[in-house]
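1. okay, predicted coordinates and the sequence, questions at the end:
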Amino acid sequence: MSASLAVQRLAALSGALAVSAGAYGAHGFRLSNRDEYQRELFSTANTYHYYHTLAMLGASRCRKPALAGAVLLAGMSSFCGPLYYQAITGDPSFSKLAPIGGVLFIAGWLTMAL
């Protein structure tokens, strides 16, 4: 399987997860008794999850799809993962990873320019 196809398939799986998380956020999480900050964290995580899933689709068409896809996937895991976790559990222990994920997002976009 080519790197381009692998990144495209990972983007498809990520998109399915983003839609599932968005549905949970709209129908389950939003109606739970969470504070406004937790709702905002969940919404931010979901928004960035969607945007960078679309970026992964674009990465599958760049010159170095494996590198760009890996960096974007690491960014999604490091940024969105801790935000989802803190929003759901209220535990901020992984929140220090979010800035690293943000830097990886920027690096992923720049990698597509190579």
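-> Yep, that arrived.
2. show me the contacts for the residue sitting furthest away from the middle of the chain.
-> Distance to the chain centre peaks in the chain at Asn33, reaching 24.5 Å (criterion: C-alpha atoms, centre = their mean). Shown in contact with Asn33 (C-beta atoms under 8 Å, 6 or more residues apart in numbering): no residues. From N, CA and C alone the C-beta is placed, and that goes for glycine too.
3. and it, which of the three is it?
-> Secondary structure, DSSP: H, G, I helix; E, B strand; the rest coil: Asn33 is coil.
4. got the buried residues for the helix or strand hosting Ala55?
-> Using DSSP states H and E, Ala55 falls within helix 36-59. Under the neighbour-count criterion of 16 or more other C-beta atoms under 10 Å, helix 36-59 has 38, 41-46, 48-50, 52-53, 55-59 buried.
5. heading C-terminal from that helix, find the next helix or strand.
-> Next along from helix 36-59, by DSSP H and E: helix 65-89.
6. what average pLDDT does the very next helix or strand once past that next one get?
-> Heading C-terminal from helix 65-89, the first helix or strand you meet, by DSSP H and E, is helix 98-112. For helix 98-112, mean pLDDT rounds to 97.
7. same check, this time on stretch 68-84
-> For stretch 68-84, the mean pLDDT works out to 98.
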